[in-house]
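Visitor: Provided below for reference: sequence and predicted model.
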Amino acid sequence: MNKHLSTDDTLHESIISDQLIDAETDSVPQPRPPVFTSRTVKILTGLSLVLIAFNLRPIFSSASALLPEIIEQTGLSSFGAGVLTTLPVVCLGVFAPLAPRLAQRLGAERTLLGVLLLLALGTALRGFGSLPLLFLGTALAGACIATGNVLLPGLVKRDFASRTGMMTGLYTMALCAGAASAAGFTVPLQRMLGGSWSLALGAWALPALLVALIWFPHAFFRKVRTKHAGFRVEGLWRDRLAWQVTLFMGLQSALAYCVFGWLSPILRDRGLDGVTAGVVVSVSVMAQVFTCLLVPSIAVRCKDQRLINVALITLAVAGLLGFLFAPLSTVWLWAIVQGMGQGGLIAVAMTIIVLRSGDAHVAAHLSGMAQCVGYILAAVGPLLVGLIHSLTGTYGATAILFVLLGLGVAIFGWGAGRATHVKARTIQI
């Protein structure tokens, strides 16, 4: 019995480790982790990576918290607000493929430093109260987040190979904490700054700038070597299962970014004040941590993941319908239900990328395909919410969109959850 448990634990740690897809997987020679000269340096490096992760989500939920004020004070239409919430999601898909090239040319650490500095700049541009600068800053920040999304997990995997499980948990919690903090504190911050929505948005540049200063020494800690691609993967884009995985990732992401972009305005439209609505969103996001950490360990032990995928999307959609139509007195229950479903979905989507891949190179390329296509597809979600509200003047009609997205997630999640591998080959060049 003990031997069996030990084998399961080893499998679990292996899967958790493999979930952190390295952007430089196809590089020859492989980048080597830095040799830490002291335990203190290693702890500071790990803390820096967690702080970087924290800064990859406030751009989404901070604007959502103040969307009614932005619309009222700038005259932005509901459709324009939909474009604003969609813009950074589009950037996640468009710019993600560039990250490995930048890492191979400049080194992952230095690229990540540039990401932090440009993220701070893009966030600061949103603080000038100008609509053109608001959109420009949002796009710039979205491009930086896309690059960080790809590079950061690989650094966690490379530099903390013996502590990947712990770092995965901390990394996941930092992402959720960043989103939850921006959702919960942006409205109080606006009130502290004299009611200025622009200054409240721009203030989130300060944490990114601070972390850039902390990361600066580490960016020049390791000598950068020129690398070249040594492998290629063939047949992935023609594979049916690969597209099922990609569409599962994209549609569940569309639902997630509807929550990031529009949940606070939906709740405020139903009668909650800005602070309370922000706290509800924060609770929903933090509830994601529980299933983010729990679901992968369950998924890898199951024969397949079909029922898990359907169960999680049922929770996520039920929570959204509860936000729209259930009595406001039950809003905290729906926050937890929706958060658990949504958090489990992103965790199982990332796990499935690994489980459906035959080797690390296929996993890296499948991850790139799922993120590039998936995030561009995900951008349609918040855009449609804005369009529906613009046409109907109410958020109630968005229930149809949420249900349709949920059906799509269930259908493609059932296909992606089958216990088989994509038919793609890794070829050395």
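Guide: Perfect, I can see it now. Residues are numbered from 1 along each chain as shown.
Visitor: so for the helix or strand harbouring N149, mean pLDDT?
Guide: Taking DSSP states H and E as the definition, N149 sits inside helix 131-159. Per-residue pLDDT values across helix 131-159 average out to 87.
Visitor: how about that helix: buried residues?
Guide: By 16 or more other Cβ atoms under 10 Å, the buried positions in helix 131-159 come out as 133-135, 137-159. The way it works is simple: take the backbone N, C-alpha and C, and place the C-beta from them, glycine included.
Visitor: ditto for stretch 279-288
Guide: Residues V279, V280, V281, S282, V283, S284, V285, M286, A287, Q288 are the ones in stretch 279-288 that count as buried (16+ other Cβ under 10 Å).
Visitor: can you list contacts of that stretch?
Guide: Residues outside stretch 279-288 that contact it (Cβ atoms under 8 Å, 6 or more residues apart in numbering): 61, 64-65, 176-177, 179-181, 183-184, 259, 263-264, 267, 272, 319, 331-332, 335-336, 338-340, 342-344, 346.
Visitor: list the helices and strands the helix or strand hosting H361 packs on?
Guide: Counting by DSSP H and E, the element that carries H361 is helix 360-378. Counting contacts by 3 or more Cβ pairs under 8 Å, 6 or more residues apart in numbering; DSSP states H and E, helix 360-378 is packed against helix 78-95, helix 131-159, strand 231-234, helix 240-269, helix 331-355.
Visitor: which elements pack onto whichever helix or strand comes after that helix?
Guide: The helix or strand immediately downstream of helix 360-378 is helix 380-392, counting by DSSP H and E. Packing partners of helix 380-392 (3+ Cβ pairs under 8 Å, 6+ apart): helix 78-95, helix 240-269, helix 398-416.
Visitor: the first one - what's its average pLDDT?
Guide: Per-region confidence: helix 78-95 scores 90 on mean pLDDT.
Visitor: residues of the helix or strand following it that come out buried?
Guide: Note on helix 78-95: by DSSP H and E, the next helix or strand toward the C-terminus is helix 98-106. Across helix 98-106, burial judged by 16+ other Cβ under 10 Å covers A99, P100, L102, A103, Q104.
Visitor: looking at the residues you listed, which two lie furthest apart in space?
Guide: The distance between the two most remote of those (Cβ to Cβ) is 9.7 Å, for A99 and Q104.
Visitor: re earlier: which of the contacts of stretch 279-288 count as buried?
Guide: Of the contacts of stretch 279-288, these count as buried by 16+ other Cβ under 10 Å: 61, 64-65, 176-177, 179-181, 183-184, 259, 263-264, 267, 272, 319, 331, 335-336, 338-340, 342-344, 346.
Visitor: I figured V380 hits L251, correct?
Guide: No: the criterion here is Cβ atoms under 8 Å, and V380 misses it with L251 at 9.4 Å.
Visitor: quick one: which of these two has more around it?
Guide: L251 (28 against 21; other Cβ atoms under 10 Å).
Visitor: tell me who's in contact with that one.
Guide: Per Cβ under 8 Å, 6+ apart, neighbours of L251: L377, A378, L405, G408, V409, F412.
Visitor: switch the cut-off to 10 Å
Guide: Residues in contact with L251 (Cβ atoms under 10 Å, 6 or more residues apart in numbering) are 313, 345, 349, 374, 377-378, 380-381, 404-413.
Visitor: selection in ChimeraX covering whichever of those are buried, please.
Guide: Buried residues within the contacts of L251, by 16+ other Cβ under 10 Å, are selected in ChimeraX with:
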select :313,345,349,374,377,378,380,381,405,406,408,409,410,411,412,413
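Visitor: stretch 78-92: how far from the chain's middle?
Guide: Here stretch 78-92 is found 15 Å from its chain centre; the criterion is Cα atoms, centre = their mean, to the nearest Å.
Visitor: please renumber so the chain begins at 166
Guide: Understood, numbering begins at 166; the last thing we discussed is stretch 243-257.
Visitor: give the residue spans of this structure that score low on pLDDT.
Guide: Along the chain, the model assigns pLDDT under 70 to residues 166-203, 326, 329-330, 333-334, 386-396, 594.
Visitor: can you do 80?
Guide: Applying pLDDT under 80 to the chain picks out residues 166-207, 265, 269, 315, 317-334, 336-337, 385-398, 524-526, 529, 590-594.
Visitor: for the helices and strands packed on helix 525-543, give me JSON lines that also has distance to A384.
Guide: As requested, the helices and strands packed on helix 525-543 are arranged in JSON lines below (distance: least, Cβ to Cβ, whole Å):
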{"stretch": "helix 243-260", "distance to A384": "20"}
{"stretch": "helix 296-324", "distance to A384": "11"}
{"stretch": "strand 396-399", "distance to A384": "27"}
{"stretch": "helix 405-434", "distance to A384": "29"}
{"stretch": "helix 496-520", "distance to A384": "27"}
